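> curious how this folds, go ahead:
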Amino acid sequence: MKNESITTLMTKNVVTIEVNEPLDKAQALMQHHHIRHLPVVKKGKLVGMLSMTDLMRLSFSDNFGELESDADVAIFRMLGIRHVMKQHPESISTGQSVREAAEILAHREFHALPVVEGDQVVGIITTTDLIRFFLNQMEG
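Alright, predicted model coming up:
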């Protein structure tokens, strides 16, 4: 179990966003795909990580109600993904194990880890994926 490859557990059809795209597109992608983390790429190469939490920090609507959604739109247009994303995010390679991913996520303050092959994003692993994996191991 602990030496199992991360590729057996990762989400392979990972949704990414190009660094030059607008923030509102990132938010729309997250909502449409029901995800909370977006690897940010430049021509397929991992350059950052954007989370729903990053976007929520910019939002007024949660604090002041829907009346402030115009302010959210203005902020999203003013800032680019590169201003909000975490630059140089930690990642894990396809050759690493489930245990290594679990150790990284258990000791860091983020909940998703892009999986790379070379510098290309090929998947993503989240704390939720790991919890489900370990629950399945306990049942079987």
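
> surely residue 40 forms part of a strand?
Yes - counting by DSSP: H, G, I helix; E, B strand; the rest coil, residue 40 is found in a strand.

> that one contacts residue 49, doesn't it?
Yes - using CB atoms under 8 Å, residue 40 and residue 49 qualify as a contacting pair, with a distance of 6.4 Å. The C-beta positions use only the backbone N, C-alpha and C, and glycine is treated the same way.

> tell me which stretches of this protein form strands.
Using DSSP state E, the strands of the chain run over 17-18, 37-42, 45-51, 86-87, 92-93, 112-117, 120-126.

> residue 11 touches residue 125, doesn't it?
Yes - under the criterion of CB under 8 Å, residue 11 makes contact with residue 125 at 7.3 Å.

> looking at those two now, which is surrounded by more residues?
Taking neighbours as other CB atoms under 10 Å, residue 11 and residue 125 compare with residue 125 leading, 27 against 14.

> do you know how far the more buried one is from residue 107?
Taking CB to CB, to the nearest Å as the measure, residue 125 falls 15 Å from residue 107.

> still on that earlier bit, pick out whichever of residue 40 and residue 49 has more residues nearby.
Between residue 40 and residue 49, counted using other CB under 10 Å, the more crowded position is residue 40 (26 against 22).

> can you find the helix or strand in this structure with the smallest mean pLDDT?
Ranked by mean pLDDT, DSSP states H and E, the helix or strand of the chain with the weakest confidence is helix 61-64, at a mean of 50.

> mind listing what the residue nearest in space to the middle of the chain touches?
Centroid-nearest residue in the chain, with CA atoms, centre = their mean: residue 37, separated by 2.5 Å. Neighbour list for residue 37: 49, 50, 51, 52, 111, 112, 124, 126 [criterion: CB atoms under 8 Å, 6 or more residues apart in numbering].

> for residue 84, same thing?
Residue 84 makes contacts with 23, 50, 54, 55, 58, as judged by CB under 8 Å, 6+ apart.
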